[in-house]
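K.L.:
below are the sequence and a predicted model; questions follow.
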Amino acid sequence: MSRSKALQYYIVLRLLLAPLQLLTIITIVFLLLRATPGDPADAILGGHAPQAAKEALRKQLGLDLPLWLQYWNYLGSIIQFDLGTSLTSRGQHVWQIITQYFPATVELAVCSMAVALFIGVLVGTLSASRPGTYFDVGGRLFGIITYALPMFWAGMILQLIFSVQLGWFPNSNRFPPGLAAPTPITGLYTIDSLLNGNLTQFFASLHHLTLPSVTLGLLLSGIFERIVRVNLKQTLQADYVEAARARGISENKILVSHALKNALIPVITVLGLTFASLLGGAILTEVTFSWPGLANRLYQAISDRDYPTVQGVLVFFGAIVVSASILIDILNAYVDPRIRY
């Protein structure tokens, strides 16, 4: 089989598996929500509401139907791209909630991933290129500590230091209350303020974005640090690196032009896996910093037992993770031919 056909076969197979992955996510979310204790009717009407009112609400929501029929109806809605209507937002469609809150999550996620990649690759490179030194020991400790720290605890500690004690950054919200938000174009405040040509809004939004994105990015950077350090150490011991040294090429050029490029190939795979961790960490980050994103809205929906919103947002997140996984797999197969066979 030729390389191009092998790559095409791999892509088609990966795309065919995507609906099965998404169906698994939909099924797990549906069953877990029904298995959790509590009644949506109690959450909406209150525990002291008349039983007749609760029964009427359950019938209206379809919760009185058998579980298999509820699941079948929900699958039919998903196929029609209907994620339902929120139970606690005055009839607001779940798609409207996603459109309203998702841009803030995207902005936080992109900036956090950029911070994680920069710090992780930098620390991992310094650690691997100086084995047996304090840089090596410090890099290993950095990877272990950042990977193990709870997000909510680290967020509160950084808030206490940089917001409460030093007063350098705000500890909540996405934009200053007294300043008009940028005219929405993309929904990303930093981008919209630049497109509107308003540097005051840009620096204000960046000021609010810095602390939560650095917090989440710092905790995720340990994953990249460990991957880069291990692979770069192995790459620096490869035969072609020894041959480059024998030709008199400087160590810095060998590190940057030869070893680091090959050591970064596994990072592509880790990017897809880290994306799921990023969404999970975004929930804790947004709640800790009162960031008005979709993850924070999901947390509120879980607290309110808002079935349609929770299901819709989780399916939406699941579709993003599956799509990112497919994209990373295809990119990996293109970079590394061994994956195609």
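P.N.:
Okay, I see it.
K.L.:
and the helices in the stretch 101-250 of the chain?
P.N.:
In the stretch 101-250 of the chain, the segments counted as helices under DSSP state H, counting those that start in this stretch are 134-148, 151-158, 189-195, 199-236, 239-246.
K.L.:
going by neighbour count, which residues in the last one are buried?
P.N.:
Neighbour counts using 16 or more other CB atoms under 10 Å place 241, 244 of helix 239-246 among the buried residues. Glycine gets a C-beta too; all of them are placed from N, C-alpha and C.
K.L.:
pLDDT on that helix, on average?
P.N.:
This predicted structure assigns helix 239-246 an average pLDDT of 72.
K.L.:
centre of the chain to it, how far?
P.N.:
On the basis of CA atoms, centre = their mean, to the nearest Å, the separation between the geometric centre of helix 239-246 and that of its chain is 39 Å.
K.L.:
now do residue 144, the pLDDT please.
P.N.:
Residue 144 is assigned 84 on the pLDDT scale.
K.L.:
residue 55 is in what secondary structure piece?
P.N.:
In this assignment (DSSP states H and E), residue 55 forms part of helix 51-61.
K.L.:
and that helix, which residues are buried?
P.N.:
Residues 54, 57, 61 are the ones in helix 51-61 that count as buried (16+ other CB under 10 Å).
K.L.:
got TSV for these, with distance to residue 162 and pLDDT too?
P.N.:
TSV is the format used below for the buried residues of helix 51-61 (distance: CB to CB, whole Å; pLDDT from 0 to 100):
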residue	distance to residue 162	pLDDT
54	47	72
57	45	71
61	44	70
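K.L.:
so which other helices or strands are in contact with the very next helix or strand once past the helix holding residue 55?
P.N.:
Proceeding C-terminally, helix 51-61 gives way to helix 67-79 as the next helix or strand, assigned by DSSP H and E. Applying 3 or more CB pairs under 8 Å, 6 or more residues apart in numbering; DSSP states H and E, one finds that helix 67-79 makes contact with helix 3-35.
K.L.:
what mean pLDDT would you report for the helix it packs on?
P.N.:
Mean per-residue pLDDT for helix 3-35: 79.
K.L.:
in that helix, what's buried?
P.N.:
Taking 16+ other CB under 10 Å as the basis for neighbour counts, the residues of helix 3-35 that come out buried are 7, 10, 11, 14, 21, 22, 25, 26, 29, 30.
K.L.:
one step back: as TSV, the helices of the stretch 101-250 of the chain with distance to residue 172 would be great.
P.N.:
Listed next are the helices of the stretch 101-250 of the chain as TSV, based on distance: least, CB to CB, whole Å:
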stretch	distance to residue 172
helix 134-148	23
helix 151-158	11
helix 189-195	15
helix 199-236	9
helix 239-246	49
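K.L.:
for those helices, which has the smallest mean pLDDT value?
P.N.:
helix 239-246 (a mean of 72).
K.L.:
between that one and helix 199-236, how big is the angle?
P.N.:
90 degrees (axes from the mean of the first three to the mean of the last three CA atoms, to 10 degrees).
K.L.:
may I have helix 239-246 as PDB, with CA atoms only?
P.N.:
Extracted as PDB, the C-alpha positions of helix 239-246 are listed here (Å, rounded to 0.1, in the frame of the first residue of the first chain):
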ATOM      1  CA  ASP A 239      23.300   8.500  16.500                       C
ATOM      2  CA  TYR A 240      22.600  11.500  14.200                       C
ATOM      3  CA  VAL A 241      23.100  13.900  17.100                       C
ATOM      4  CA  GLU A 242      26.500  12.300  17.800                       C
ATOM      5  CA  ALA A 243      27.300  12.600  14.100                       C
ATOM      6  CA  ALA A 244      26.400  16.300  14.200                       C
ATOM      7  CA  ARG A 245      28.700  16.800  17.200                       C
ATOM      8  CA  ALA A 246      31.500  15.000  15.300                       C
END
